[in-house]
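Undergrad: After the sequence you'll find the predicted model.
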Amino acid sequence: MQLFIKDEQGQYITATTPEIIKEGRSRTRSTLKKGSEFIGGSQAAKEAIASKISSYQHEVFGCLFLDTKNCILEWKEMFQGTIDSTTVYPREVVKEALRLNAAKVILAHNHPSGNTDPSPQDIELTIKLKEILKIIDVKVLDHIVVGDDLTSFTDMGIQF
């Protein structure tokens, strides 16, 4: 499979790997801007979030805040941790959801180890955040774990 780009003279040429990566990053940045994309399911969420936190060598926890129609309000990296953990403060997630007037949120974090199996702590945190956010009428749609693969709690059938 080849990918082609248009050069300055208007001719199509085979894209190099750096050009493909540059274009991919550019398009991903634009997809997480306010109102720019409708998130219709876990696949769209995984694609939107993956490139944001997959390259970190430390854990990062972020939230994709959505409006009532599942359009992006903002992607926000909320907390940074170490190579195998990060501390998440629910109060800060609530403050950000209220600031953005979010109706829904998709939680996400990376596993620098590459293993995307949710830990018991990941599941416990998700349940806790869902209960807290429910009080302010913000619905947790999913929790995505980014590593060598992309794991969606919803796709796994994890009920929270």
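TA: The structure has been received and is ready for your questions.
Undergrad: tell me the domain ranges of this structure?
TA: 1-31, 35-156 (automatic domain parsing).
Undergrad: what's the least confident stretch among those?
TA: If you rank the domains of the chain by mean pLDDT, domain 1-31 sits at the bottom with a mean of 66.
Undergrad: Would you mind finding the most buried of the domains of the chain?
TA: Highest mean neighbour count among these (mean count of other CB atoms under 10 Å): domain 35-156, with a mean of 17. From N, CA and C alone the C-beta is placed, and that goes for glycine too.
Undergrad: Asp155 and Ser42 touch, don't they?
TA: Yes. Counting by CB atoms under 8 Å, Asp155 touches Ser42, with 5.1 Å between them.
Undergrad: Mind checking which residue lies nearest the centre of this protein?
TA: Note on the chain: the residue nearest the mean C-alpha position is Ile49, at 2.9 Å, using CA atoms, centre = their mean.
Undergrad: who touches whichever strand or helix holds Val94?
TA: Using DSSP states H and E, Val94 sits in helix 90-100. Here helix 90-100 makes contact (CB atoms under 8 Å, 6 or more residues apart in numbering) with 63, 65, 73-74, 76, 78-79, 102, 105, 128-129, 132-133, 136, 138.
Undergrad: swap the cut-off to 6 Å and go again
TA: In this structure, residues lying in contact with helix 90-100 by CB atoms under 6 Å, 6 or more residues apart in numbering are Phe65, Leu73, Glu74, Lys76, Leu129, Ile132, Val138.
Undergrad: just those now: which is nearest Ala15?
TA: Among the contacts of helix 90-100, Glu74 lies closest to Ala15 (CB to CB), at 30.6 Å.
Undergrad: Show me what that closest one is bridged to.
TA: Counting by DSSP bridges, Glu74 is bridged to Phe65.
Undergrad: still on that earlier bit, the residue nearest to the centre of the chain contacts Ile144, doesn't it?
TA: Yes. At 5.4 Å, Ile49 counts as touching Ile144 under the criterion of CB atoms under 6 Å.
Undergrad: Now list whatever residues contact both of those two.
TA: Common neighbours of Ile49 and Ile144 (CB under 6 Å, 6+ apart) are Ala108.
Undergrad: can you give me the strands in the chain?
TA: For the chain, the strands defined by DSSP state E cover 4-6, 12-14, 60-66, 72-80, 104-110, 139-146, 150-152.
Undergrad: Since that was my last question, I'll sign off now.
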